[in-house]
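**Q** build me a model:
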Amino acid sequence: MTDLPLTGQRVDLPGKSVAWWPCHIGHKATIGEGCSIGALAHIGQRVVMGEGCKIQGSAYIADDCRLGKSVFVGPSAVILNDKYPPSNDRAKWQPVQIGDHAVIGGNATIVPGNDVGERSVLAAGAVLTKDLPANEVWGGNPAKFMMTRQAYEEQRGAIL
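**A** Residues are numbered from 1 along each chain as shown. Got it, this is the predicted structure:
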């Protein structure tokens, strides 16, 4: 174990992406250009991440999930694939798909089979139990509509 990087060490990945040790990147995962993966994050096998994704520390992304471009996943967020764990049967899995420019807040959970639309936001601590449409912000447990993405950006003070 002496040849492993020190905790918190930057590990450069192909395509100008970076991961912070220790983290896990599964077999056959595809990491787009310009991505960042935080320490203690788990990126499952065959996960596909589009360019510019930012995965914060301790996030968990289950096998076979797909993230579009510029997706943000907050710290300790959980994206699951097995609705009846442990099924040990990939045929029963329901991997999640997340659209371009979506935001998943810290400690949010996405239940298997529930997709997240483009430019949508799942609030911190929310539990998504059905598909989140594009350009909407949802929060709570179970998550429900809170506002449009435009209203969210206005509250952030973002320039639209």
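
**Q** quick check: Gly105 touching Ser120?
**A** No. Assessed by Cβ atoms under 8 Å, Gly105 is found out of contact with Ser120, at 11.3 Å. Using the backbone N, CA and C atoms, a C-beta is placed for each residue, glycine as well.

**Q** of the two, who's got more company?
**A** When Gly105 and Ser120 are compared for neighbours, Ser120 comes out ahead with 25 against 20, by other Cβ atoms under 10 Å.

**Q** my read: the more buried one touches Gln150, true?
**A** No. Using Cβ under 8 Å, Ser120 is not in contact with Gln150, being 11.9 Å away.

**Q** overlap of the contact sets of these two?
**A** The contact sets of Ser120 and Gln150 overlap at Asn135 (Cβ atoms under 8 Å, 6 or more residues apart in numbering).

**Q** nearest residue to Asp64 in space, please, no chain neighbours.
**A** Distances taken as Cβ to Cβ, 6 or more residues apart in numbering put Pro95 closest to Asp64, at 3.9 Å, once the chain neighbours are dropped.

**Q** let me know the pLDDT of the one you found.
**A** Per-residue confidence at Pro95 stands at 97 (pLDDT).

**Q** okay but it is in contact with Cys65, surely?
**A** Yes. Applying Cβ under 8 Å as the test, Pro95 and Cys65 come out as touching, 4.7 Å apart.

**Q** who has more neighbours, the two?
**A** Between Pro95 and Cys65, counted using other Cβ under 10 Å, the more crowded position is Cys65 (26 against 22).

**Q** what is the burial count for Pro85?
**A** Look at Pro85: counted by other Cβ under 10 Å, it has 12 neighbours.

**Q** distance-wise, check it relative to Ala62.
**A** When distances are taken as Cβ to Cβ, to the nearest Å, Pro85 and Ala62 turn out to be 10 Å apart.

**Q** surely Leu122 meets Val111?
**A** No. Taking Cβ under 8 Å as the definition, Leu122 is not a contact partner of Val111, at 11.3 Å.
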